[in-house]
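**Student:** Sequence isn't available, so here's the structure alone:
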């Protein structure tokens, strides 16, 4: 009984007179989850491209020993921005893009629980990301690594504004993520269609749900960490200043209490995507659905108890090291359950190797390799050797690129027709897959050995005669190939966008879940009538029963829609201005008016005024939304 | 759901107006979730404070600094304000907007008293005890934890005042009721946080 | 199932090749895979156990994956609906229990080794005590029992346990000699770390900083030189001998006024920068310009010193030493002569 949001006190629907924005204004004011998904995808894709270029520059510098293509400082800025950009601004937004595009459809909802907050989450992420990347042209990017360990990241050792861009940019972007997390939790809890119990939810909805829960409990920790570092740098606080009693190790704890769950925030959605793609193309229901759900919850739970395995060499002592080693190894068990369940979903199935399924099939062995090196790293005494070497670099790229990015590629190819109404070219898709996965293994497989042979990570170059040269060359060639794969994907997008919008409701023909029961792309209200869910794989169940589509759970009636609004955008602009103002509040602009504005927090105040003003508007003027009338629905 | 139109309200408000609409129910649920996140936020701040509370860097220690009667008075104001906000919600459930408004006003006034005492306390520390943000790791952790809470109180005061205004203009409806309800949840939350601050920062500071 | 077995058998020689490659991987004085001391050996022992278990896991997963992807591929015209299997309790228990057993197999020796390596020999009277201090971007080694300090080359007696006490003067670093032991971070004092390793065989081992510490993080290298007990005592004595200054009094004066404001030789100077006593007989200049008269792996020491002193920022970007020419006002000639003097400052 809780699908479309609605209000009680509006006497008559407003459907006909509603103001419709077009062009840019449409995108800025939209609160439609499908459009926000596309915004997330473009913005995430853009930052992914920046992070990719940074990666290629890093690899080019490391192609041979004692290379001087980049200087040491630039290199450190590049590795910092590569990691930060890829994780917070590249893959997470693309994950949010898929969640936004798919989750309301999969659970049979007309939108997310909070369309306004959804837009706000996107715009704060975008402005946070833009702020972070402005550092390149405003005095230097952050240079202390994406982990930003203190004291290297304090103002004593990182004198530019780089790390301020990091702390404040991430703070703003992180706010967006947190909002998104709460929104999806509420959406999954309250907006499921009639009959869709929790144990009938598609796996991707489950992993979204659990991921959102991890976001909710992990992001506030980094929020605090970033606040403390900001206060140290801008207000002269002493949290991480050893001379005044502060503790640099404290930063590591706070960072990794957030940072390790973050890894599961990244990988669980990929697990969800794989769990959708494989059953579809194997024409077989997911093997061991309930154990998959259980494994997901267990991974999330254990994910909060293993953070100190990033700190085995910090000197926490044998007891802590032993405990965290064992707890980390335990995560292998639920992860193993997932791997075998996927394999046995294919077992006995009728497997079709479309591009999405190629990526999903490539995901399984590749991710397993990243998983097993993870268990190896968990063994603390072995980690004394692995830690901070290229072995670790190889490991987390196997998990994040071989796991998550492959999962995202699978998901993007899979749901592209649903998002855009056009099928991506299968030929180009397969080219993308083969170049990307070959390049990937070339790049990162050899890095395991580089680490074991004594090459530590984050070095801007290395001496010759250490047996590092050939493997680094191979790695760089592989990176180039991954770049080619990504370019083919981009070409595929461009070529596809010129084709007619002709994707069927169920373009892969074996769709099992609700999103494939409605047009591609779906109308703005998603479901003309809310569907009645009669089991797991709701659409498949109807197909097997010989029905043409879903059975509606309601007669056709007016549909309530939330109003478009520019307020989320304006609020984010305000936060952006406030952030910039705070960052430069201690700078000397040569006296004069500009100094006056910044040094007295006037710019900061102005930004906050804009944000709070917009919040006030939102609170004072009730948004009653508007209705689409049954007559209008009939015409479509 | 067969219709997206309002569930009919014949004249009066339903018993729990904050949960009468899907929007209202979503709002209350999301606010619970938000408070979960806030709990982690304060948890991290408490952990930081506990890790650094003895690092006084030759500045004042907690024992030298804190003046319990003042803090006890502040605690009293905040605890009572939590009680008055319960009364406000009870008035709302009995559909008595005037009484609701009065209790909200009392809550705001008590909150202001608390905030005034806190500002006075901070300014005493800075002016007379040479205890500022930059003095020591302890001072940074103290001001950040207690200041974060203070900022939450200030935001709560502004928020509830705004709602009193809305109540006057729009009356008690199924739109305003959830707002008032979640603001009360928020107020209780910062009250609970204060109980922890009082124990961990002040009492523990005096004892050990 | 025949096909699976065949593909697995085809992998066997691959594992053999893999094993040899692993053993021959990297330099003897640098590679984790060629351990030269008990600490590195116990780490590698765990790695080998872990790798073996993981290769078994990978083989199982890869074989099943290959099998299902080939066997259950949809053929053209094939259009039947496969049986929809909900799961299998037996199978699911199987692949929960087996990984759990594998984890326990790895966890038990892990925990045991964690505690074994936890012995830092700080109370061991026979151990040589060394205080390691990390600096941007060089290493200071202090021998508190002998009252001497040196930099970049850590001289230890072979076979003896070395009890380290590690801290940093500035940002975090991590002390790592891959062929002898795993790494440990240098935290600011207050979170001082202790650990221990030993080098049974005499020789020179390469060490690195493993924690990002600024632009020249990659160049923060050092050497561990394990020598016989007699040589070690000899070295201690020579290190404690009075300072040898440049013969030319004018140059000696310049050296004292400019260089010894931060550096020390023998009993003179300060320990802000690296101690220079006997720098002519060290393995490298600035940690990365390797001293090698045969020019295979570097250059003769005087050449390296000149390279360094004429362009410190070029050699080690971001290092904190003032430039001899621009900041200290030394002439090219003075720099060359100081380099010659330092190159000749050897300990026997």
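**Tutor:** Arrived safely. Worth saying up front: this structure is predicted, and the values here are computed from it rather than measured.
**Student:** Stretch B:102-114 close to chain A?
**Tutor:** No. Stretch B:102-114 lies out of reach of chain A by Cβ under 8 Å from any Cβ of the partner chain, never closer than 15.1 Å. (Each C-beta comes from the backbone N, C-alpha and C, glycine too.)
**Student:** which residues are contacting that stretch?
**Tutor:** B:74, B:77-78, B:80-81, B:84-85, B:87-88, B:91, B:153, B:156-157, B:160-161, B:163-164, B:167, B:180, B:187 (Cβ atoms under 8 Å, 6 or more residues apart in numbering or on different chains).
**Student:** and whichever strand or helix holds residue C:52, which residues are buried?
**Tutor:** Element membership of residue C:52 [criterion: DSSP states H and E] is helix C:38-71. Using 16 or more other Cβ atoms under 10 Å in any protein chain shown as the test for burial, helix C:38-71 gives C:38-40, C:42-44, C:46-47, C:49-51, C:53-54, C:57-65, C:67-69.
**Student:** Just the contacts of stretch B:102-114: which are in helices?
**Tutor:** B:74, B:77-78, B:80-81, B:84-85, B:87-88, B:91, B:153, B:156-157, B:160-161, B:163-164, B:167, B:180, B:187 (DSSP state H).
**Student:** quick one: contacts for the closest residue to chain C within chain B?
**Tutor:** Chain C sits closest to residue B:55 of chain B, with a gap of 9.2 Å, by Cβ to the nearest Cβ. Taking Cβ under 8 Å, 6+ apart, we find residue B:55 in contact with A:238, A:244, A:245, A:246, A:247, B:136, B:137, B:138.
**Student:** so who does residue A:447 touch?
**Tutor:** Applying Cβ under 8 Å, 6+ apart, the residues near residue A:447 are A:390, A:391, A:393, A:394, A:397, A:471, A:475.
**Student:** Can you tell me how far it is from chain C?
**Tutor:** In this structure, residue A:447 and chain C are 13 Å apart, going by Cβ to the nearest Cβ, to the nearest Å.
**Student:** For the closest residue to residue B:89 other than its chain neighbours, pull up the helix or strand it's in.
**Tutor:** Leaving aside its chain neighbours, residue B:89 sits nearest to residue B:184 (5.1 Å; criterion: Cβ to Cβ, 6 or more residues apart in numbering or on different chains). Residue B:184 belongs to helix B:176-197 when assigned by DSSP H and E.
**Student:** Neighbours of the closest residue to residue A:235 other than its chain neighbours, how many?
**Tutor:** Distance criterion Cβ to Cβ, 6+ apart; nearest residue to residue A:235, sequence neighbours excluded, is residue B:133 at 5.4 Å. Look at residue B:133: counted by other Cβ atoms under 10 Å in any protein chain shown, it has 18 neighbours.
**Student:** likewise residue B:163?
**Tutor:** Neighbourhood size, residue B:163 [other Cβ under 10 Å]: 22.
**Student:** Just the closest of the contacts of residue A:447 to residue A:29, please.
**Tutor:** Closest to residue A:29 out of these is residue A:397 (38.7 Å), distances taken as Cβ to Cβ.
**Student:** hmm, back to that, tell me what the helix or strand just after the helix holding residue B:184 is packed against?
**Tutor:** As assigned by DSSP H and E, the chain's next helix or strand after helix B:176-197 is helix B:204-207. For helix B:204-207, the packing partners by 3 or more Cβ pairs under 8 Å, 6 or more residues apart in numbering or on different chains; DSSP states H and E come out as helix B:62-65.
**Student:** Correct me if wrong: residue A:426 contacts residue A:355.
**Tutor:** Yes. Using Cβ atoms under 8 Å, residue A:426 is in contact with residue A:355, at 5.8 Å.
**Student:** Settle it for me: which of those two has more neighbours?
**Tutor:** Between residue A:426 and residue A:355, counted using other Cβ under 10 Å, residue A:355 has the larger neighbour count: 27 against 15.
**Student:** Skipping adjacent residues, who's closest to that one in space?
**Tutor:** Nearest-residue entry for residue A:355: residue A:429, 3.1 Å, with adjacent residues in sequence omitted and distances by Cβ to Cβ, 6+ apart.
**Student:** helix/strand/coil for the one you found?
**Tutor:** Following DSSP: H, G, I helix; E, B strand; the rest coil, residue A:429 is assigned to helix.
**Student:** Relative to chain C, how far out is the residue of the stretch 151-300 of chain A found nearest chain B?
**Tutor:** Nearest residue of the stretch 151-300 of chain A to chain B, counting by Cβ to the nearest Cβ: residue A:245, 2.7 Å away. Distance, residue A:245 to chain C, by Cβ to the nearest Cβ: 8 Å.
**Student:** Residue A:595 now?
**Tutor:** Residue A:595 is 30 Å from chain C, by Cβ to the nearest Cβ.
**Student:** any idea of the mean pLDDT for the one helix or strand that residue maps to?
**Tutor:** Residue A:595 belongs to helix A:592-599 when assigned by DSSP H and E. For helix A:592-599, the mean pLDDT works out to 86.
**Student:** Could you do stretch A:136-153 as well?
**Tutor:** 94.
**Student:** Could you work out the end-to-end span of it for me?
**Tutor:** In stretch A:136-153, first residue to last residue: 17 Å (Cα to Cα, to the nearest Å).
**Student:** right, is it up against chain B?
**Tutor:** No. Shown here: stretch A:136-153 not in contact with chain B (Cβ under 8 Å from any Cβ), separated by at least 12.1 Å.
**Student:** Test my guess that residue A:456 contacts residue A:389.
**Tutor:** Yes. Assessed by Cβ under 8 Å, residue A:456 is found in contact with residue A:389 at 5.3 Å.
**Student:** what touches both of the two?
**Tutor:** When Cβ under 8 Å, 6+ apart defines a contact, the residues bordering residue A:456 and residue A:389 alike are residue C:210.
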